[in-house]
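Visitor: output the structure for:
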Amino acid sequence: MKKSIFYHAGCPVCISAEHDIINLTGLENVEIIHLGNDRNKIEEAEKAGVKSVPALVTPNGNVLHINFGASMEDVKK
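Guide: Numbering: from 1, shown residues only. Purely as a prediction, here's the structure:
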């Protein structure tokens with residue numbers, strides 16, 4: 001099974017959501033990408049359909065936007 005991908009920007013909302021996602025799915029089932037630290041993944045996230053973070057991209061390509069931490073435009077600044 002492919003892993004889900006959890007994109008975030010490191011804000012408190014994102015970190016809280018990260019912990020919840022890991023608790024729900026297990027760390028072995030999700031790849032965590034901190035876009036503030038791994039800026040070369042921003043384009044990948046946008047191509048997947050991520051409009052704001054935190055967001056979870058499921059293995060079949062659904063994008064689940066969780067709460068609202070920052071828009072992708074804010075992340076790119």
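Visitor: could you point out which element follows the longest helix seen in the chain?
Guide: Using DSSP state H, we find that the single longest helix of the chain is helix 12-25. Next in sequence after helix 12-25, counting helices and strands by DSSP states H and E, comes strand 30-34.
Visitor: for the longest helix of the chain, packing partners?
Guide: The contact analysis (3 or more CB pairs under 8 Å, 6 or more residues apart in numbering; DSSP states H and E) places helix 12-25 against strand 4-8, strand 30-34, strand 52-57, strand 63-71. All C-beta spots, glycine's among them, are computed from the backbone N, C-alpha and C.
Visitor: one more time with 6 Å, if that's ok
Guide: strand 4-8, strand 52-57, strand 63-71 (3 or more CB pairs under 6 Å, 6 or more residues apart in numbering; DSSP states H and E).
Visitor: list phi and psi for the residue lying closest to H34 once chain neighbours are set aside.
Guide: Setting aside the residues directly before and after it, H34 is nearest to G10 in space (CB to CB, 6 or more residues apart in numbering), at 5.6 Å. The phi/psi pair for G10 (degrees, to the nearest 10) reads phi 90, psi 0.
Visitor: pLDDT value on G10, please?
Guide: Note for G10: predicted pLDDT of 89.
Visitor: repeat that for the one 10 residues further on.
Guide: pLDDT recorded at D20 is 94.
Visitor: gap between it and E44?
Guide: Using CB to CB, to the nearest Å, D20 is found at 23 Å from E44.
Visitor: now swap in A55 and tell me
Guide: 12 Å.
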